[in-house]
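Enquirer: next one to model:
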Amino acid sequence: MLNPQSKQSLKVLSFVGLFVFCFLSCSKDDAPDSTDTGVDPDPSGEQTVFEENFILGKGSKLINYVLSEAEYNKFIAGNGDFAMVSKKVYEHLNDNFDFIFILSVETEQPNDLYYGVTQKVKNDVEGVGSSIYDNTAAYGSQGTLKSIIHMPRTEYIKNGPFLHEIVHYWGNYDFIPTTVGGHWGYSSVGGQLGGFDELIDLGGNNYQGKLDGENRFGTFANGGNALPYGNLELYLMGLIKESEIESVQVAENPQAVAGGGRFTADKITTFTAADLITKNGARVPSEESSQKSFKGITVVISTSKLSDERITSINMDLDNFAKKGTPDWGNFYFNFWQATGEKATLDIDISQANIK
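Expert: Next comes the predicted model:
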């Protein structure tokens, strides 16, 4: 993973094309008469205006943060001020979000920009390969915030890399060896952060990696939201037990070879569940007491106010991504609940209780 300006950057290729190895209104009318949130709803009751440029959109699923062109363009250049956004969130909303999702409104993927990037701000889980630390204060949080994610297009809620960026909170922080920093690389994890799910020894230190039966896999991603989380990812997220960890094959000194999923390696090392626990320690908290319900807030940045039509469209994708059930977009893309094997949920609604 690239790490410019303390961000964990990643370029995620889309599944099609380049990927071969991709609330009701929260106005004061809804609150008890004795409650004054200090914000002004518009006459239609369909939005809540915290500030002229910081508005809770109709449906109460996203905040529209209108920026100057200069500030907006910093995000498109990969230099966006994440702390500026998060601190603005905490001026008006309570500190009860695990994730802050920042979405730009580009109609096409900007040249030379990541498809998604994650800034992890703390780690409070032992046994996942990362040290324990807390940088939440720098982002205005008093300890709840896990990470901030930016994606340049709202379409990536559905297509990905939304699932990929979320799981970056837990991996890969040297949990297994990798030559592709922050990702699974040439290994059999076969998940959102890359890897194959089947390996064929072709002889002479030549290997064929396969994914879903096809001669292909990604070393840092695997088709956006088109596949669920892998076994090891589910473990790191605290969703399965140690006893459910599958052994992982890792290639030593791998080199890609022309042709889908082909590579050479000095050798293939297999890490059993016991090996991985010995190397990294037991996960604390374990699956029995780990967090399984998560909350995120979506901030859509733009240089002018979003239209009602655009807000409705984004709301639909957010609803589907967070739905505890099959999303309306069909079977090709997984939502969070599906990708976790129906073991975890994500709440994206911004309720009155969230407002200061």
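
Enquirer: what sits up against the helix or strand harbouring H164?
Expert: If you go by DSSP states H and E, H164 is part of helix 162-167. Residues outside helix 162-167 that contact it (CB atoms under 8 Å, 6 or more residues apart in numbering): 10, 12, 99, 101, 116-118, 149, 151, 156, 191-193, 221, 224-225, 228-229, 233, 236-237, 321, 334, 336, 339, 346. Just so you know, the C-beta spots here come from the backbone N, C-alpha and C atoms, and that holds for glycine as well.

Enquirer: so of those residues, which ones are in strands?
Expert: Cross-referencing the contacts of helix 162-167 against strands under DSSP state E gives 10, 99, 101, 116-118, 149, 151, 346.

Enquirer: for the stretch 1-150 of the chain, just list every one of the strands.
Expert: 8-10, 40-41, 48-51, 54-56, 62-66, 99-103, 116-120, 122-123, 133-134, 147-151 (DSSP state E, counting those that start in this stretch).

Enquirer: quick check, nearest of the ones in strands among the contacts of helix 162-167 to T179?
Expert: Of all the ones in strands among the contacts of helix 162-167, the one with the least separation from T179 (CB to CB) is L10, at 14.9 Å.

Enquirer: between the ones in strands among the contacts of helix 162-167, which has the most around it?
Expert: V117 (28 neighbours; other CB atoms under 10 Å).

Enquirer: would you map the strands across the stretch 201-350 of the chain?
Expert: 206-210, 248-252, 255-256, 262-264, 267-271, 293-302, 345-347.

Enquirer: for N73, find the nearest of these.
Expert: Of all the strands of the stretch 201-350 of the chain, strand 293-302 comes closest under CB to CB, at 10.6 Å.

Enquirer: which helix runs longest in this structure?
Expert: In the chain, with assignment by DSSP state H, the single longest helix is helix 308-322.

Enquirer: what comes up buried for that helix?
Expert: Along helix 308-322, these residues count as buried under the neighbour rule (16 or more other CB atoms under 10 Å): 310-311, 314-322.

Enquirer: so which elements touch that helix?
Expert: strand 62-66, helix 156-159, strand 293-302, helix 336-339, strand 345-347 (3 or more CB pairs under 8 Å, 6 or more residues apart in numbering; DSSP states H and E).
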